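>>> based on what follows, work out the 3D shape:
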Amino acid sequence: MHWSHKSEMLLLLSLHQPGHVGLIKLRMSPKEMIEQKKEMVDDLAMDRYGQSPAIKIGGHTLVTFPYVEMPLDYILPELLKNAMRATVEHHQDLKAENMPPIKVTISSNPIDFIIRCVMSTEKHEGSVLF
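Numbering: from 1, shown residues only. Next up, the predicted model:
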């Protein structure tokens, strides 16, 4: 563990943040986190492209588990921004409501979780896994 994470963990342990033990959120919901990042990425896409394709979330949407959120705070917006950019650039001739949605699927088992982000085109689907 990096020293900055250790010091942050000690600080958070002393703050007694509800639902957390230090950096660990006891009931982290991937769906809630994706929805939060989706709002931010929608705003960025509107500023940059003037439109934002829909994002559909599916799979194990009710799953929660203990997890350190910091890596997802960085990775999720990057995945969603890349998917938005690819979708908008590939479908420049379409308005947002006519673009294929970006599909985000959450999969979970007792050991792992996977977030899959799929961008559709007429010819193929491209996916990125986290």
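>>> surely residue 46 and residue 52 touch.
Yes. If you go by Cβ atoms under 8 Å, residue 46 and residue 52 touch, sitting 5.3 Å apart. C-betas here are computed from N, CA, C, even on glycine.
>>> neighbour count: those two, which is higher?
residue 52 (21 against 13; other Cβ atoms under 10 Å).
>>> what's the burial count for the nearest residue to the more buried one once chain neighbours are set aside?
Distances taken as Cβ to Cβ, 6 or more residues apart in numbering put residue 45 closest to residue 52, at 3.9 Å, once the chain neighbours are dropped. Residues contacting residue 45 under the criterion other Cβ under 10 Å number 21.
>>> ok, now residue 36?
14.
>>> how close does it get to residue 75?
Taken as Cβ to Cβ, to the nearest Å, the spacing of residue 36 relative to residue 75 amounts to 13 Å.
>>> try residue 27
20 Å.
>>> and residue 103, by the same measure?
Applying Cβ to Cβ, the value for residue 103 to residue 75 is 17 Å.
>>> which of the two has more residues huddled nearby?
For residue 103 versus residue 75, neighbours defined as other Cβ under 10 Å are more numerous around residue 103 (19 against 13).
>>> next one, pLDDT for the residue nearest to the more buried one when sequence neighbours are not counted please.
Nearest residue to residue 103, sequence neighbours excluded (Cβ to Cβ, 6+ apart): residue 118, at 4.3 Å. Residue 118 is assigned 87 on the pLDDT scale.
>>> before we move on, what SS does residue 118 have?
strand (DSSP: H, G, I helix; E, B strand; the rest coil).
>>> likewise residue 107?
Three-state assignment for residue 107 (three-state DSSP): strand.
>>> how close does the nearest residue to it once chain neighbours are set aside get to residue 87?
Using Cβ to Cβ, 6+ apart and skipping the chain neighbours, the partner closest in space to residue 107 is residue 114 (4.4 Å). Going from residue 114 to residue 87 by Cβ to Cβ gives 21 Å.
>>> which of these two has more neighbours?
residue 87 (26 against 14).
>>> any idea which element that one lies in?
For residue 87, the element it lies in under DSSP states H and E is helix 70-90.
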